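Q: Got a sequence here, can you build the structure:
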Amino acid sequence: MRRSWLALLLIFLAVPVMAEEIGSVGYRFKWLGPNDKIVVQAFDDPEVPGVTCYMSHARTGGLKGAIGLAEDPGEASIACRQVGPIDVAMLDKLRSPHEVFSERASLIFKSTQVTRFWDAKRKALVYLVYTDRIIEGSPRNSISVVPVGAR
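A: Numbering: from 1, shown residues only. Presented below is the predicted three-dimensional model:
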């Protein structure tokens with residue numbers, strides 16, 4: 001009984017990183033439902049205070065998009081920046097690679113993910129955005145590098 005309560009507590013504490021929508025632009029008109037659009041979102045790295053990532057990706061509109069059944073294209077771009085002080089001492093303790101953000105791109109089978117790598121030799125955080133799918137993923141990806149500290 002005690003283990004089940006602990007597991008339930010851990011599930012509630014493992015809150016995923018939520019992205020804040022900065023804005024969007026329509027790129028394809030749809031007669032019924034919302035237009036297809038490109039969305040720009042921002043999220044802070046949950047384990048590296050001082051780093052914010054900006055991600056753009058397409059969202060499918062139409063009737064399926066309006067009710068959450070559409071599959072979004074597997075393309076995204078990312079730019080991460082240092083926006084505050086970074087505790088350099090804790091960087092060597094980071095898990096690398098480590099997923100720092102995930103958002104579904106279809107009802108069940110597809111998600112857009114951001115994975116962080118720590119390049120200790122070059123003192124740089126590397127962020128990779130890609131879309132995976134249970135059966136067939138996409139090699140389309142984008143990276144952003146945040147140099148840390150002076151050389």
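Q: ok, which stretches of this protein are strands?
A: Chain-ordered strands for the chain, with DSSP state E as the definition, fall at 20-28, 36-44, 51-59, 76-82, 98-104, 110-119, 124-133, 141-147.
Q: what packs against the fourth one?
A: Read that as strand 76-82. Contacting strand 76-82 under the criterion 3 or more Cβ pairs under 8 Å, 6 or more residues apart in numbering; DSSP states H and E are the following elements: strand 51-59, strand 124-133, strand 141-147. From N, CA and C alone the C-beta is placed, and that goes for glycine too.
Q: Show me the contact partners of the longest one.
A: Strand 124-133 has contacts (Cβ atoms under 8 Å, 6 or more residues apart in numbering) with 45, 48, 51, 53, 55, 74-78, 80, 91, 97, 100, 105-106, 109-119, 137-148.
Q: Which among those residues count as buried?
A: The neighbour-count test (16 or more other Cβ atoms under 10 Å) marks 45, 48, 51, 53, 55, 74-78, 80, 91, 100, 105-106, 110-118, 138, 142, 144, 146, 148 as buried among these.
Q: rewinding a little: columns mean pLDDT on top of the strands of the chain, output as CSV?
A: CSV is the format used below for these (pLDDT from 0 to 100):
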stretch, mean pLDDT
strand 20-28, 88
strand 36-44, 91
strand 51-59, 90
strand 76-82, 94
strand 98-104, 86
strand 110-119, 90
strand 124-133, 89
strand 141-147, 95
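Q: just to revisit the earlier point, of all the helices and strands packed on strand 76-82, which one is nearest residue 41?
A: Residue 41 sits nearest to strand 51-59 of all these, at 5.3 Å, using Cβ to Cβ.
Q: For that closest one, what is the distance to the chain centroid?
A: With Cα atoms, centre = their mean, to the nearest Å as the basis, strand 51-59 stands 7 Å off its chain's centre.
Q: Given it, what are its sheet partners and their directions?
A: Pairing partners of strand 51-59, with direction, according to DSSP bridges: strand 36-44 (antiparallel), strand 76-82 (antiparallel).
Q: can you tell which of those strands is closest to residue 28?
A: That would be, of these and by Cβ to Cβ, strand 36-44, which comes in at 3.8 Å.
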